[in-house]
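Asks: Below is the sequence, then the predicted model.
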Amino acid sequence: MAEAKILSAVRKMADLLIDANLLQGADEQVKLLKDELQCMQRFVRDASEKQDREEKIGEWLSDVADVTHDADGIIDALFLKVESAKRSIESRGELAYIPKHPYTLIAKQIELLRSKLRDIEIARETYGIQDLVHEETEHFWRELQFSVRQNDKHLVGIEEDVELLLRKVILEKTETLSTTGIVGTVGIGKSTLARRIYELAVASKRYVKCVWVAVSGESMTPKDVIKEVILNFLNPLQDKLEEAEKLEELPLSRIQQELQDSVEDAQLFLVLDDVRQEAQWESIATVFTGEDKGSALLLTSHSKDIVKHAGYVHEMKTLDPNKSWDLFTNKAFIDDGGKLPEDLEIIGREILKKCDGLPLAIALVGGLLRDKNPSKRKWDNVLKDMNTHLGSSSILSTILELSYRDLPPQLKSCFQYLGLFKERVPIRAEKLVQVWIAQGLVVELEEEEEETKEEIGRRYLDELINRNMVQVHDFNTDGRVKNCCIHDLVRELSITKAKKEIGFDILKEDAKTQSLSGKPQRHLAIYGGGDQRFVFNSKNFNQNETHVRSLFFHGVSSLLIDNPSYLKSFELLKLLDVEDLPLKSVPDTIGLLISLRYLGLRNTKIKSLPESLGRLKNLEVLDITKVRKVEVDDVLWEMESLRHVYGENIYSEYLLKTHTLKNLQTLGYIYVENLIPAHLIKMNSLSKLSLWIVVSLNFDGIRFYPLLDMLENLVCLEIKWGPSSTVKSSELNGLDILQRVTKLKLSGVMKKLPRADELPPNLSYLTLSRTCLYEDPMPELEKLSELVHLKLDCAYIGREDMVISENRFPKLQALLLYRMWDLKNVQVGKGAIPELKRLQIRECNKKLGTGFSEELRSVTTFLQEIIKTN
């Protein structure tokens with residue numbers, strides 16, 4: 001952790017020294033501190049490798065980390081003063097008088113840190129810690145050259161379990177309720193098996209609704225379980241936050257009745273994953289009766305006592321030596337077709353003996369050893385370390401610790417932030433990377449100038465996935481990871497390391513923050529339950545507000561601020577996330593959080609953003625997605641650091657200036673009428689733009705789209721029209737000029753689809769949503785020869801077949817057909833769609849799919865996945 005943090009702090013100090021003339025004499029101390037930290041960085045890697053063998057070296061590392069954290073806070077404070085001085089110059093044309101006293105105090109604080117560093121240097125010499133920086137840096141970037149493999153859908157070692165449960169749970173017809181329990185020890189693959197059966201249930205078309213509920217440990221009450229099931233049954237258009245508030249006020253018996261009423265006479269498939277208390281299971285089991293014909297309940301648990309009342313109990317076994325070896329080689333080797341050297345196979349089989357046939361242990365050790373050029377030395381060392389530690393800890397704990405120790409410094413830091421996220425809930429990859437960036441963990445190297453921080457952060461995530469410390473939940477259409485997840489044991493390790501290294505803590509209910517290490521808490525995950533409110537006051541933070549850098553709220557009903565000026569104490573806060581909270585307004589005092597880089601307001605109930613938001617000069621990410629409609633003042637231009645503004649309906653009473661947003665990569669959905677066209681061309685970094693076009697606007701595409709063509713990085717364009725409006729041809733004219741746009745989404749009722757030559761010529765991804773075309777769109781769409789992914793969602797309402805001509809769609813790999821209820825067939829000509837790998841049909845006519853699927857199989861050899869749900 002210390003090495004990556006030092007690197008980040010050193011870079012910030014270098015940036016700070018660019019404005020040395022504004023530091024009021026503190027610049028010399030900053031330069032000295034930067035040089036001394038940079039020197040100390042060279043020894044941290046060696047200390048990390050030796051700390052398990054000598055306790056004092058671990059203490060030395062802890063001292064280095066403390067000094068680095070303190071330095072980071074001081075530099076942030078200096079940055080705020082420098083930025084204030086810059087604004088003074090910009091507004092007045094000259095530097096206003098700034099008292100020198102605060103800078104003198106900061107210089108003295110830096111001198112105190114330098115004194116601590118001198119003591120640390122003396123201790124380093126005593127402990128014999130060496131310089132390993134060059135070897136480590138080269139190793140780290142070599143490791144990051146591998147991308148995530150997508151071939152892990154093959155479930156090595158549990159194929160027979162899948163076949164058995166498929167027959168027992170889904171294929172065998174029953175006139176009564178089917179209940180099945182999967183039981184086994186930690187790490188044996190219960191959730192993996194249940195997830196595969198769930199996917200097959202979805203694809204089977206047998207059930208009206210399929211629901212997966214991750215039971216979050218023992219803290220999840222029976223009422224919480226029932227509530228989660230009900231919320232998953234809701235229509236996508238229903239307000240989950242509002243429904244959750246209503247359910248919270250009801251007693252358990254009442255919400256059980258609510259569930260019973262909502263599932264009556266429906267064939268359902270419900271999974272409860274990781275049930276740890278009988279009461280959790282019984283709260284659901286009592287709702288369903290033997291008269292629920294055709295419904296199926298599936299639960300996983302490590303306890304036989306919990307699953308004993310299920311109609312069928314499937315006890316998972318550890319893998320035999322052959323299956324263990326298959327899984328190990330699948331995880332450990334990049335070149336799947338290569339032959340394993342004999343000396344490595346001998347060591348590998350010895351390592352596997354220690355894994356006891358546990359899939360999680362095998363996957364982790366495979367990730368630990370994964371390398372393009374496997375080293376006998378490394379394999380020997382892993383086997384040796386396993387033999388050393390197994391006597392004092394379990395196999396899973398041993399391998400997890402070894403996997404963590406093997407991480408490069410940057411990845412250790414990133415790993416520690418996984419504990420901020422809610423347990424057993426998929427983590428959005430995009431959000432995770434942005435959290436890392438906000439905390440300064442993603443560092444751009446000079447030789448990688450063309451890569452954005454987001455791209456580098458993605459490489460960090462890919463490497464954690466390749467090491468099997470993070471698991472892929474699903475992928476985006478472009479093949480990148482969309483959501484990821486972590487095993488409970490991995491999360492526990494992350495939290496343990498974070499508490500020790502970065503001052504992380506979890507605050508539950510009315511408990512105050514309390515650091516076990518005695519160090520200041522810098523990163524907090526705050527959990528609530530029921531109608532609990534969280535109050536911003538000194539009592540809840542033990543007067544350590546100035547140290548706090550991250551606040552993540554989970555399950556809190558509302559946030560209250562006793563004293564608006566109290567938020568000033570959090571001026572060094574970098575992350576504030578209140579996603580999924582029923583927050584109804586953002587206080588004006590949000591502008592006091594002047595160091596904020598990430599503000600997560602997704603899926604809240606806010607209706608507007610205060611004018612004070614413009615004071616957040618360092619804000620990089622503003623997420624207001626899944627909020628119905630948000631009004632903003634003309635303040636976005638003041639936040640020059642913005643990189644991403646996510647939303648679904650952003651509007652204003654004013655024209656919004658955006659000419660200063662040079663770093664902005666993502667914007668939208670935003671009303672076109674609020675944008676100043678001439679300002680758009682100033683946003684050189686913009687890569688994704690999402691627009692709302694409303695009825696009242698006289699929008700002219702011929703004049704507007706050429707401006708977008710001037711944006712060299714714009715590759716994704718999304719346009720949405722109001723539900724009561726029809727798309728005018730003038731609003732689509734000019735799209736063909738967008739040579740760089742490869743992803744296009746059009747959402748709105750159209751009388752006629754534009755011709756293929758009227759669309760961007762290099763489209764790879766196209767989505768048509770709510771277009772409600774009466775004419776078959778395929779004759780035009782099939783002319784887009786570069787298409788890789790095509791999604792048609794309520795795009796065609798005609799009753800005739802859609803027809804794909806011979807040899808068309810030569811590169812199409814994914815075809816998604818949603819909500820086209822009158823479409824009964826798609827005719828596919830000879831030689832068409834030869835590369836298709838994925839066909840997904842959702843909420844369409846029941847007759848669509850059977851003959852269509854067989855016809856597709858006859859024209860392509862690559863089709864891997866056909867999913868149909870109604």
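Replies: Perfect, thanks for sending it. Residues are numbered from 1 along each chain as shown.

Asks: Am I right that Glu455 sits in a strand?
Replies: No. Glu455 is assigned helix when assessed by DSSP: H, G, I helix; E, B strand; the rest coil, not a strand.

Asks: per-residue confidence for it?
Replies: pLDDT, Glu455: 93.

Asks: What distance do you get for it to Asp15?
Replies: Counting by C-beta to C-beta, to the nearest Å, the gap from Glu455 to Asp15 is 21 Å. Quick note: C-beta positions are derived from backbone N, CA and C, even for glycine.

Asks: got it, and Leu686?
Replies: As judged by C-beta to C-beta, Leu686 and Asp15 stand 24 Å apart.

Asks: Kindly report the same for Ile122.
Replies: 30 Å.

Asks: more neighbours, those two?
Replies: Asp15 (12 against 9; other C-beta atoms under 10 Å).

Asks: part of a helix, is that one?
Replies: Yes. Under three-state DSSP, Asp15 falls within a helix.

Asks: Stretch 183-198 - what's its average pLDDT?
Replies: What stretch 183-198 shows for mean pLDDT is 92.

Asks: Then stretch 732-743?
Replies: On average, stretch 732-743 scores 96.

Asks: Could you do stretch 75-93 as well?
Replies: Mean per-residue pLDDT for stretch 75-93: 69.

Asks: same deal with stretch 396-414?
Replies: 90.

Asks: what comes up buried for that stretch?
Replies: Buried residues in stretch 396-414, counted by 16 or more other C-beta atoms under 10 Å: 396-404, 406-414.

Asks: now stretch 612-629: how far from the chain's centre is it?
Replies: Centroid separation for stretch 612-629 versus its chain: 18 Å, with C-alpha atoms, centre = their mean, to the nearest Å.

Asks: ditto for stretch 687-702
Replies: On C-alpha atoms, centre = their mean, the centre of stretch 687-702 falls 29 Å from that of its chain.

Asks: Residues contacting that stretch, please?
Replies: With C-beta atoms under 8 Å, 6 or more residues apart in numbering as the test, stretch 687-702 has contacts from 649-651, 665-673, 708, 711, 713-722, 724-725, 728, 730-735, 743, 748.

Asks: go again using 7 Å as the cut-off
Replies: Here stretch 687-702 makes contact (C-beta atoms under 7 Å, 6 or more residues apart in numbering) with 649, 665-673, 713-722, 724-725, 730-735.

Asks: Just the buried ones among these, please.
Replies: Looks like the contacts of stretch 687-702 have 649, 665-673, 714-721, 731-735 buried, using 16+ other C-beta under 10 Å.

Asks: for the protein, what's the longest strand?
Replies: strand 644-651 (DSSP state E).

Asks: pLDDT averaged over the next helix or strand after that strand - what is it?
Replies: For strand 644-651, the following helix or strand on the C-terminal side (DSSP states H and E) is strand 666-671. Averaged over strand 666-671, pLDDT sits at 94.

Asks: how many degrees apart are strand 666-671 and strand 644-651 in direction?
Replies: 0 degrees (axes from the mean of the first three to the mean of the last three C-alpha atoms, to 10 degrees).

Asks: What residues does Ile129 make contact with?
Replies: By C-beta under 7 Å, 6+ apart, Ile129 lies in contact with Phe43, Asp46, Ala47, Ile57.

Asks: Tell me how far it lies from Lys116.
Replies: For Ile129, the distance to Lys116 equals 16 Å [C-beta to C-beta].

Asks: repeat for Gly294
Replies: Per C-beta to C-beta, Gly294 is found 69 Å from Lys116.

Asks: go on, Glu620?
Replies: On the measure of C-beta to C-beta, Glu620 and Lys116 end up 31 Å apart.

Asks: now Ser747
Replies: 58 Å.

Asks: Which one's more surrounded, those two?
Replies: Ser747 (21 against 15).

Asks: residue contacts, the more buried one?
Replies: The contact partners of Ser747, taken as C-beta under 7 Å, 6+ apart, are Lys720, Trp721, Ser769, Arg770.

Asks: 10 Å - rerun?
Replies: Residues near Ser747 by C-beta atoms under 10 Å, 6 or more residues apart in numbering: 669, 690, 692, 718-721, 723, 727, 767-771, 793-795.

Asks: surely Lys453 meets Val621?
Replies: No. Counting by C-beta atoms under 10 Å, Lys453 does not reach Val621; the two are 11.4 Å apart.

Asks: Can you check which residues contact both of those two?
Replies: Contact with both Lys453 and Val621 is made by residues Gln434, Ile437, Arg643, according to C-beta under 10 Å, 6+ apart.

Asks: So for Lys453 and Val621, which residue has more residues nearby?
Replies: Legend: neighbour count by other C-beta under 10 Å for Lys453 and Val621, higher for Val621 (24 against 17).

Asks: Report the spatially nearest residue to Glu640, omitting neighbours in sequence.
Replies: Among residues not flanking Glu640 along the chain, Thr660 sits closest, at 5.0 Å (C-beta to C-beta, 6 or more residues apart in numbering).

Asks: ugh, wrong one, Asn807
Replies: Excluding the flanking residues, the one nearest Asn807 by C-beta to C-beta, 6+ apart is Gly831, at 4.1 Å.

Asks: so what's the backbone phi/psi at Glu800?
Replies: The phi and psi values for Glu800, taken as degrees, to the nearest 10, are phi -80, psi 160.

Asks: from the chain's centre, how far out does the one helix or strand Ala123 maps to sit?
Replies: Element membership of Ala123, judged by DSSP H and E, is helix 101-127. Computed by C-alpha atoms, centre = their mean, the separation of helix 101-127 from the middle of its chain amounts to 38 Å.

Asks: per-residue confidence for the residue lying closest to Leu787 once chain neighbours are set aside?
Replies: Counting by C-beta to C-beta, 6+ apart, the nearest residue to Leu787 once its immediate chain neighbours are dropped is Leu812, at 5.3 Å. pLDDT for Leu812: 95.

Asks: quick one: the residue nearest to Asn807 and Glu782 touch, right?
Replies: No. Contact between Gly831 and Glu782 fails when scored by C-beta under 10 Å: they sit 11.9 Å apart.

Asks: Looking at the two, which is more packed in?
Replies: Between Gly831 and Glu782, counting by other C-beta under 10 Å, Glu782 is the more crowded of the two (23 against 14).

Asks: pLDDT weak spots in the stretch 101-250 of the chain?
Replies: 101-103, 131-155, 217-219, 236-237 (pLDDT under 70).

Asks: If I look at the residue nearest to Asn807, what pLDDT would I see?
Replies: Looking at Gly831, the pLDDT reads 89.

Asks: Could you do His644 as well?
Replies: 98.

Asks: Also the one 5 residues further on?
Replies: If you check Asn649, the pLDDT there is 94.

Asks: coming back round to it: name the residues contacting each of Gly831 and Glu782.
Replies: Shared contacts of Gly831 and Glu782, defined by C-beta under 10 Å, 6+ apart, are found at Ser805, Glu806, Asn807, Arg808, Phe809, Pro810.

Asks: For burial, what's the neighbour tally of the first one?
Replies: The reference is to Ser805. 16.

Asks: Repeat that for the third one.
Replies: One way to gauge burial is a neighbour count; for Asn807, by other C-beta under 10 Å, it gives 14.

Asks: Compute the inter-axis angle for the helix ranked longest in the chain and helix 101-127.
Replies: Scanning the chain for the longest helix, with DSSP state H as the assignment, gives helix 55-92. Orientation check (the same axes, to 10 degrees): helix 55-92 against helix 101-127 gives 160 degrees.

Asks: packing partners for helix 55-92?
Replies: Contacts defined by 3 or more C-beta pairs under 10 Å, 6 or more residues apart in numbering; DSSP states H and E place helix 55-92 against helix 2-16, helix 27-50, helix 101-127, helix 488-501.
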